[in-house]
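In: Just the structure for this:
(4 chains)
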There are 2 protein chains.
Amino acid sequence: MSLKYAVLAALLEGEASGYELSKVFDVSLANFWPATPQQLYRELERLAADGLIEARTVQQERRPNKRLFTLTEAGREHLNAFAAEPTRRPTAIRDEFLIKIQAMDGVDPEAVRALVEERRAWAVGKLARYERVRERLLDGRTEEEYLRDADRVGPYLTLSAGITLERENVRWCEHVLTVLKRRAPLG
Amino acid sequence: MSLKYAVLAALLEGEASGYELSKVFDVSLANFWPATPQQLYRELERLAADGLIEARTVQQERRPNKRLFTLTEAGREHLNAFAAEPTRRPTAIRDEFLIKIQAMDGVDPEAVRALVEERRAWAVGKLARYERVRERLLDGRTEEEYLRDADRVGPYLTLSAGITLERENVRWCEHVLTVLKRRAPLG
DNA sequence: CGCACCTATTCAATTAGTTCAATAAGGAGA
DNA sequence: TCTCCTTATTGAACTAATTGAATAGGTGCG
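Out: Numbers count the residues shown, from 1 in each chain, chains lettered A, B, ... in the order given. This is a model prediction of the structure:
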């Protein structure tokens, strides 16, 4: 449903192939709408059929050919209309890890510790990657300057939401680890 | 895939009907694995067929009859085994609103402001509901006492993750609103 | 030289999730 | 009394997402 708009929004950054988008959707940018490569290729076909994006094939000599997609004017308008509408669906979070935490009291504390430690490491890594993207966007300016003067602030604001999320994630994990330590000596 | 375990984990709180679970999955508890009533009823059928939960029908005079489900010993063990395993799937967030923010630079600032304001109000409401659940769980004790002494801390820890999330959500929204105000006079 | 990995895309099958609606009885309020 | 809301569950149809694999040339490593 919204994958459509996630793809259009990703193409605001410029021309991209399905493969490039699948990298972006996997790691950095669109962390608020995950999609597998298969989903993206299908969606790109549909969007092209609807005239919201345009494809051109680029012949490559030492690589498989690729198809690069760009937003059409119709696609841009479609996206803008969507972005101006009130939000229909609330945020949906699916987190296997938190199910495990909910049920942690029936589990060996050492296994729980390992779980939380893994999560923490993962969040730390993601945070570092986000911070690097942030530095690249700011390019020497302060956040205040950037947010006052830049042409586009949307990508920066979603990024800063991601940074906050992962920062709090790390703090939460560390909190849980101290709780586990405090409870351990009793067991 | 994990809906199964989300349901089992929800039943750790005690016997419940499909209807009751659908309320819990909708609002308070399992905010990290949303599910519609239809999904829950289907999943409950499957779990009962697999012997992980047991059903009993309760005749009601002034209401439709309901079927109450409880964890079986097999179900409890199944859940514990799952919770001790390393997490396979990373957190998946699907957020239509953040797609709109990503694309906000092509949109009337007043429409964006309304969007963010709506999101803020929603987060404030959710936070208030979470805080009420928290007070009920703590029941006069301090957090430190609770986390040291309570039989089960899983539900409290997932709740506190939710509280942190919404708190930061509110702060982020307020930040974006000040950014919009600063940029508005220029347009 | 062989193996594994990267780019780049596509197909097929299956499972998961959404949407709409029907049923059925009681309670609340105009 | 008419209508709408709540409890409680079920059915069917549909769309979206996941999984696994196939293809195919190139690069890097030991």
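
In: only C-alpha atoms for contact and neighbour calcs from this point on.
Out: Will do.

In: I'd guess A:N31 is in a helix, am I close?
Out: No. Going by DSSP: H, G, I helix; E, B strand; the rest coil, the assignment for A:N31 is coil, not a helix.

In: Quick check: chain neighbours aside, which residue is closest to it?
Out: Excluding its sequence neighbours, the residue lying closest to A:N31 (CA to CA, 6 or more residues apart in numbering or on different chains) is A:F25, at 6.6 Å.

In: What pLDDT does the model give the residue most central in space within chain A?
Out: Geometric centre of chain A, nearest residue: A:N31, 1.1 Å, by CA atoms, centre = their mean. For A:N31, the pLDDT comes out at 80.

In: again, but for A:P90
Out: 89.

In: Same question for A:D26.
Out: 70.

In: Distance check, it against DNA strand D.
Out: For A:D26, the distance to DNA strand D equals 10 Å [CA to the nearest atom of the strand, to the nearest Å].

In: OK, contacts around that residue?
Out: A:34-36 (CA atoms under 8 Å, 6 or more residues apart in numbering or on different chains).

In: So which of the residues you listed sit within strands?
Out: Per DSSP state E, strands hold no members of the contacts of A:D26.

In: I'd like those residues written out as TSV, with pLDDT and neighbour count added.
Out: Formatted as TSV, these follow (pLDDT from 0 to 100; neighbours: other CA atoms under 10 Å in any protein chain shown):
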residue	pLDDT	neighbour count
A:P34	92	21
A:A35	93	21
A:T36	92	12
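
In: Columns distance to A:R94 on top of those residues, output as TSV?
Out: Compiled in TSV, the contacts of A:D26 are given as follows (distance: CA to CA, whole Å):
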residue	distance to A:R94
A:P34	11
A:A35	14
A:T36	16
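
In: Just the closest of the residues you listed to DNA strand C, please.
Out: Relative to DNA strand C, the closest of these is A:T36; by CA to the nearest atom of the strand it sits at 9.0 Å.

In: how close does the residue nearest to that closest one when sequence neighbours are not counted sit to A:L44?
Out: Nearest residue to A:T36, sequence neighbours excluded (CA to CA, 6+ apart): A:S22, at 6.7 Å. The gap separating A:S22 from A:L44 is 11 Å, by CA to CA, to the nearest Å.

In: low-confidence ranges in chain A?
Out: Within chain A, the stretches with pLDDT under 70 are A:27-30, A:185-187.

In: hey, where'd the strands end up in it?
Out: Under DSSP E, chain A gives strands at A:16-17, A:53-58, A:66-71, A:92-94.

In: is the shortest one up against DNA strand D anywhere?
Out: Put plainly, it is strand A:16-17. No. Strand A:16-17 is not in contact with DNA strand D by CA under 7 Å from any atom of the strand; minimum separation 14.8 Å.

In: which helices and strands sit right next to that strand?
Out: strand A:66-71 (3 or more CA pairs under 8 Å, 6 or more residues apart in numbering or on different chains; DSSP states H and E).

In: quick one, which of A:S22 and A:L44 is more surrounded?
Out: The residue with more neighbours, out of A:S22 and A:L44, is A:L44; 22 against 19, by other CA atoms under 10 Å in any protein chain shown.

In: Which residue, other than its chain neighbours, is closest to A:L44?
Out: A:G18 (7.4 Å).

In: ok, now how distant is A:G140 from A:L159?
Out: 17 Å.

In: Ignore what I typed, I meant A:T72.
Out: 25 Å.

In: Please identify which of these two sits among more neighbours.
Out: Neighbours were counted for A:T72 and for A:L159 using other CA under 10 Å; A:L159 has more, 22 against 16.

In: My read is that that one contacts A:R136, right?
Out: No. Between A:L159 and A:R136 there is no contact under CA atoms under 8 Å: 11.9 Å.

In: In this structure A:N80 contacts B:Q102, no?
Out: No. With contact defined as CA under 8 Å, A:N80 does not count as touching B:Q102 (10.7 Å).

In: The two: which has the busier surroundings?
Out: B:Q102 (25 against 21).

In: Enumerate every residue touching that one.
Out: A:9, A:154-155, A:157-158.

In: how's chain A carved up into domains?
Out: Annotated domains of chain A cover A:3-84, A:96-186 [automatic domain parsing].

In: TSV for the ones you listed, including distance to B:R67?
Out: Output for these, formatted as TSV (distance: least, CA to CA, whole Å):
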stretch	distance to B:R67
domain A:3-84	36
domain A:96-186	23
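
In: Same list, those, but as TSV with distance to DNA strand C please.
Out: Putting the domains of chain A into TSV (distance: least, CA to the nearest atom of the strand, whole Å) gives the following:
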stretch	distance to DNA strand C
domain A:3-84	3
domain A:96-186	10
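
In: so who does A:L12 touch?
Out: A:L12 is in contact with A:71, B:103, counting by CA under 8 Å, 6+ apart.

In: Am I right that A:A55 is in contact with A:T70?
Out: Yes. If you go by CA under 8 Å, A:A55 and A:T70 touch, sitting 6.6 Å apart.

In: out of the contacts of A:D26, which are inside helices?
Out: With DSSP state H as the criterion, helices contain none of the contacts of A:D26.

In: The residues you listed also near DNA strand D: which ones?
Out: Within the contacts of A:D26, those near DNA strand D by CA under 7 Å from any atom of the strand are A:34-36.

In: Which member of those is positioned nearest B:S2?
Out: Taking CA to CA as the measure, B:S2 sits nearest to A:P34 out of the ones next to DNA strand D among the contacts of A:D26, at 17.1 Å.

In: Spell out which residues of chain A are next to DNA strand D.
Out: So far as CA under 7 Å from any atom of the strand goes, chain A lies against DNA strand D at A:1, A:3, A:34-36, A:38-39, A:61-64.

In: from these, which would you call buried?
Out: The neighbour-count test (16 or more other CA atoms under 10 Å in any protein chain shown) marks A:3, A:34-35 as buried among the residues of chain A next to DNA strand D.

In: That concludes my questions; thank you for your assistance.
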